[in-house]
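Participant: show me the folded form of this:
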Amino acid sequence: MHFQKLLFRLLRPQRRRVASLLLVILGATLTMMVFPALAGMLFKLLNREPLTLEAPLARFALLRDAAAWLNGLILGSRAARLHGLALTAACALVVAALRTGLFYSRGYLGQYIGGRALIDLRTQIFARLQGMSLAFYESQRVGDLMSRLTTDVSLVQQMLTEDMASYVQAPAMVVGMLGMMFAVNWRLTLLVMVFAPLTAFVVARMGRRMRRLTRRQQERIGDLSARLHERLAAMRVIQSFAREQFEIENFQRLNENTFAAAIRVARVSALAPQLIQFLGAVAFLAVISGAGALIIGEQLKLAGMVAYFVALQQVGVYFVKFGTLHLRVQQSLAALGRVIEIMDRAPDITDKPDAAPLPRVEGRITFRHVSFRYAEGDEVLEDIVLELAPGEMVALVGPSGAGKTSLANLVMRFYDPTEGTVEVDGHDVRDVTLHSLRSQIGLVPQETVLFGGTVRDNIAYGNTDATDDEVIAAAQAANAHDFITALPEGYETNVGERAVKLSGGQRQRLAVARALLKNPRILILDEATSSLDTESEALVQEALERLMVGRTTLVIAHRLSTIRKADRILVLSEGRIVEQGTHAELVANEGRYSRLYGRQQTDAEVGS
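Facilitator: Below is the predicted model:
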């Protein structure tokens with residue numbers, strides 16, 4: 001997606017306001033052009049210098065008549081000249097009032113259009129991130145994504161709300177004033193325009209360099225943000241290893257790199273306006289020298305050049321302003337480029353154009369010759385053939401990397417299989433909408449994620465329409481009601497960021513309550529009790545047994561003692577199912593499961 005395409009898409013819903021803004025900018029530009037003309041009229045009145053038209057303008061009868069009327073005031077009686085002076089002052093007052101209103105409208109409309117476009121941009125980015133697959137997040141750093149959504153978007157905000165209107169008006173002012181200068185004295189104006197290509201070259205060259213350096217600066221800020229996010233989240237580990245000084249030194253190094261990138265941007269930002277101003281000063285001196293020679297030679301009159309010099313000064317001011325704005329816009333475009341990288345990236349997992357909603361399911365899950373590999377790496381699952389009957393509890397066990405979590409992820413369509421199909425009630429999960437599929441599956445992960453907010457909000461996350469009674473019933477079934485009511489504000493207690501105010505067992509019971517309230521037909525338990533102490537595990541296990549009643553359940557187990565009641569246990573190794581059966585059958589077979597169970601029993605006896 002190109003910059004222009006994205007900006008057009010952002011501004012299209014406000015096309016009427018954009019059109020109004022352009023008209024306001026045109027009106028403001030015209031009012032600014034009137035002031036040099038009024039200044040010239042004033043000096044002609046004071047010096048009784050007649051108004052003359054350049055040859056191209058003298059062809060128009062209307063202009064000739066206007067010039068004749070004005071000359072009647074300039075060369076007329078004292079009363080006529082006083083009338084002309086009063087008329088000039090009145091015109092200046094009207095134009096000043098009009099200019100005030102137009103510049104206010106320009107500022108307001110620019111802020112409104114830019115602010116609204118920025119809201120739409122943030123929403124579009126967030127919506128795009130919501131649609132990204134797990135593979136995307138596994139390849140990205142959260143801190144860098146946060147940097148794109150904060151510092152990069154802030155630079156885009158500057159362009160949309162502050163610079164956009166000025167960026168349009170500045171060149172309009174330069175063109176308008178040059179047109180006026182050309183009408184007053186085209187020979188001197190051609191001398192000014194000799195410097196235009198050189199100035200344009202400097203502006204373009206500096207702009208390209210500014211965009212490149214700003215891109216590098218934003219990348220350094222992304223690195224810094226990623227490091228900061230990662231280290232703050234791991235502060236317990238850092239302090240436990242007494243690595244605080246090591247982390248401070250590494251952070252300082254990244255900080256210095258970010259500063260160095262910012263200084264390179266600052267150099268260009270400081271140099272470019274001065275170069276433009278220098279070229280403008282040279283052009284101004286050239287025109288002044290040329291005009292001075294003509295005035296000394298009595299080929300021009302000073303009073304007649306007042307309007308020209310006022311316009312020339314405005315050209316210089318707005319050319320410098322345009323150059324500075326151009327650099328700022330290039331900075332914003334560099335940041336926008338990093339944002340567009342997210343907007344341009346197509347989600348790996350999306351609904352098919354003809355995807356249909358999945359009807360209410362019974363819970364039958366079928367794997368038909370499923371193989372799977374991640375984007376980078378060897379095959380994780382190989383030729384899996386498996387069917388889970390509605391209401392059946394099936395447990396997956398095996399060593400780390402055997403493919404247990406990958407198998408469960410395919411059911412929720414976090415990934416698509418490399419080969420084969422995954423079906424729910426006979427529907428290929430790729431043929432139904434993601435929302436209708438995932439809304440019928442409940443997940444209780446090993447690491448419970450709770451959001452900043454109240455306990456009630458977290459339980460009702462999957463069913464926001466739930467009543468208070470339903471929330472309490474879910475908490476009671478999850479063995480969570482007692483500890484919740486003991487909290488300072490009960491269900492309205494704010495759990496804090498990442499729920500650090502709660503123990504691991506409490507967080508896990510809230511996750512069970514959340515899954516209960518969602519009332520899914522299919523349930524996935526991803527090592528839901530592996531990190532809990534014995535007492536917490538017993539409470540969570542009791543809650544899970546209530547949760548599993550009547551639901552098809554896929555359990556990824558670490559502690560084999562928790563799956564002895566499973567209808568079937570599948571033993572995975574190197575992406576294949578190598579054993580399956582009930583707990584009693586697998587123990588009797590004296591295979592991999594039996595050896596693994598025996599080791600855990602021995603460890604438990606030693607630990608006790």
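Participant: any idea what sits nearest the residue nearest the centre of the chain, other than its immediate chain neighbours?
Facilitator: Closest residue to the average C-alpha location of the chain: L149 at 3.8 Å, with C-alpha atoms, centre = their mean. Spatial nearest neighbour of L149, chain neighbours left out: I125 (6.3 Å); criterion: C-beta to C-beta, 6 or more residues apart in numbering. Heads up, the C-betas are built off the backbone N, CA and C, glycines and all.
Participant: immediately after the helix or strand hosting the one you found, which helix or strand?
Facilitator: Following DSSP states H and E, one finds I125 within helix 78-130. Elements were assigned by DSSP H and E; along the chain past helix 78-130, the next helix or strand is helix 134-138.
Participant: who are the packing partners of the next helix or strand after that following helix?
Facilitator: Sequence-wise, the next helix or strand beyond helix 134-138 is helix 142-147, with elements assigned using DSSP H and E. With contacts defined as 3 or more C-beta pairs under 8 Å, 6 or more residues apart in numbering; DSSP states H and E, helix 142-147 has these neighbours: helix 196-233.
Participant: got the buried residues for the helix it packs on?
Facilitator: Judged by neighbour count using 16 or more other C-beta atoms under 10 Å, the buried positions of helix 196-233 are 199, 202-203, 206-207, 209-211, 213-229, 231.
Participant: ok, the residue nearest to L149 touching I342?
Facilitator: Yes: the pair I125 / I342 is scored as a contact, 6.0 Å apart, by C-beta atoms under 8 Å.
Participant: so what's in contact with the two at the same time?
Facilitator: Taking C-beta atoms under 8 Å, 6 or more residues apart in numbering as the contact definition, I125 and I342 share the neighbouring residues R148.
Participant: residues making contact with the strand or helix carrying F372?
Facilitator: Counting by DSSP H and E, the secondary-structure element that holds F372 is strand 365-373. When contacts are taken as C-beta under 8 Å, 6+ apart, the neighbours of strand 365-373 outside the stretch itself are 379-388, 403, 406-407, 410-411, 415, 417-424, 426, 522, 552, 554, 575.
Participant: in contact with F483, which residues?
Facilitator: Taking C-beta under 8 Å, 6+ apart, we find F483 in contact with 506, 509.
Participant: repeat that for S225.
Facilitator: Residues in contact with S225, defined by C-beta under 8 Å, 6+ apart, are 143-144, 146-147, 150-151.
Participant: do that again at 6 Å, thanks
Facilitator: Neighbour list for S225: 143, 146-147 [criterion: C-beta atoms under 6 Å, 6 or more residues apart in numbering].
Participant: against Y308, how distant is the closest residue to G490 other than its chain neighbours?
Facilitator: For G490, ignoring the flanking residues on the chain, the nearest one in space by C-beta to C-beta, 6+ apart is I484 at 6.2 Å. Using C-beta to C-beta, to the nearest Å, one gets 80 Å for the distance from I484 to Y308.
Participant: G391 now?
Facilitator: If you go by C-beta to C-beta, the gap between G391 and Y308 works out to 91 Å.
Participant: who has more neighbours, these two?
Facilitator: Per other C-beta atoms under 10 Å, whichever of G391 and Y308 has more neighbours is Y308, with 23 against 16.
Participant: quick check: domain ranges of this protein?
Facilitator: With automatic domain parsing as the criterion, the domains of the chain are listed as 3-344, 354-440+522-608, 449-519.
Participant: not counting its own residues, what contacts the helix or strand hosting N409?
Facilitator: Using DSSP H and E, N409 sits within helix 404-411. Counting contacts by C-beta under 6 Å, 6+ apart, the residues outside helix 404-411 that touch it are 372, 380-381, 396, 398, 415, 417, 422, 524, 554, 556, 572.
Participant: what residues are up against N479?
Facilitator: Residues near N479 by C-beta under 6 Å, 6+ apart: 509, 539, 543.
Participant: if we use 8 Å, what do you get?
Facilitator: 509, 512, 539-540, 542-543.
Participant: the residue nearest to G490: neighbour count?
Facilitator: Taking other C-beta under 10 Å as the definition, I484 ends up with a neighbour count of 25.
Participant: how far away is it from G377?
Facilitator: The gap separating I484 from G377 is 42 Å, by C-beta to C-beta.
Participant: quick check: the residue nearest to L149 vs G452, distance?
Facilitator: For I125, the distance to G452 (C-beta to C-beta) stands at 21 Å.
Participant: now swap in E537 and tell me
Facilitator: Counting by C-beta to C-beta, the gap from E537 to G452 is 27 Å.
Participant: of these two, who's got more company?
Facilitator: A direct count of neighbours by other C-beta under 10 Å for E537 and G452 places E537 higher, at 20 against 12.
Participant: quick one: residues contacting the residue nearest to the centre of the chain.
Facilitator: Under the criterion of C-beta under 8 Å, 6+ apart, the neighbours of L149 are 122, 125-126.
Participant: same thing but 10 Å
Facilitator: The contact partners of L149, taken as C-beta atoms under 10 Å, 6 or more residues apart in numbering, are 122, 125-126, 129, 339, 342.
Participant: and L554, that one's in a helix?
Facilitator: No: applying DSSP: H, G, I helix; E, B strand; the rest coil, one finds L554 to be strand, outside a helix.
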